[in-house]
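In: I'll drop the sequence and a predicted model, then ask my questions.
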Amino acid sequence: MPESSTSVFEVTVTLRRTNGVVAAQTKAWLAVPPSASLAVPPPASPTAAAHKIDDTIAKDILAKADALLAKSDVIGARTLYQRAAEMGSGSAALALGTTYDPKRLWSFGAFGMVGNRERAKQWYLRAKELGHPEANARLDQLGR
């Protein structure tokens, strides 16, 4: 990957039987921030530039998660939302909470899935910690 890359790379993983038939296939997304030369140690504290790169990567991951959710792939979207939320994205934390919210899960066309009120609350609280303006309203609607 180019050293200056800040985008997310999509990787397809295919498991084939010995006769060549595809047994399983999935996709993964890799976000690799640019790094300095291996001979130079990383800075002791994060810089504004590093924070900007993390924001860019988190936004890219969030966009890919939104695309998965638009296709009703709730499980795949959750994985990406969680990664972006761990990078400090309040929007991702809120979206992740929404995928667990029993009052909202149906809106993604995820028929047969059951929500998890406690997990939704956990992620809404994280969105609140990260300063998302809708988090309090979601917590109130969930019934804190």
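Out: Perfect, I can see it now. These numbers come from a predicted model, not from an experiment.

In: make it CA atoms for all contacts and neighbour counts henceforth
Out: OK.

In: would you map the strands across the protein?
Out: Listed in chain order, the strands of the chain (DSSP state E) span 8-16, 22-31.

In: rebuild those as JSON lines, extending it with mean neighbour count and distance to Leu142.
Out: Formatted as JSON lines, those follow (neighbours: other CA atoms under 10 Å; distance: least, CA to CA, whole Å):
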{"stretch": "strand 8-16", "mean neighbour count": "12", "distance to Leu142": "33"}
{"stretch": "strand 22-31", "mean neighbour count": "12", "distance to Leu142": "31"}
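
In: so, low pLDDT: which residues of the protein?
Out: Applying pLDDT under 70 to the chain flags residues 1-9, 30-53, 144.

In: how far away is Ala23 from Thr14?
Out: According to CA to CA, to the nearest Å, Ala23 stands 8 Å off from Thr14.

In: check Ser107 too.
Out: Distance, Ser107 to Thr14, using CA to CA: 31 Å.

In: same question for Ala95.
Out: 29 Å.

In: longest helix of this protein?
Out: In the chain, assigned by DSSP state H, the helix with the most residues is helix 48-70.

In: from the contact counts, what lies against that one?
Out: Contacts defined by 3 or more CA pairs under 8 Å, 6 or more residues apart in numbering; DSSP states H and E place helix 48-70 against strand 8-16, helix 74-86.

In: export those to CSV and append columns for distance to Gly143.
Out: Below are those laid out as CSV (distance: least, CA to CA, whole Å):
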stretch, distance to Gly143
strand 8-16, 36
helix 74-86, 22
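
In: quick one: closest of these to Leu68.
Out: Within these, the stretch nearest Leu68 is helix 74-86; the backing value is 5.4 Å (CA to CA).
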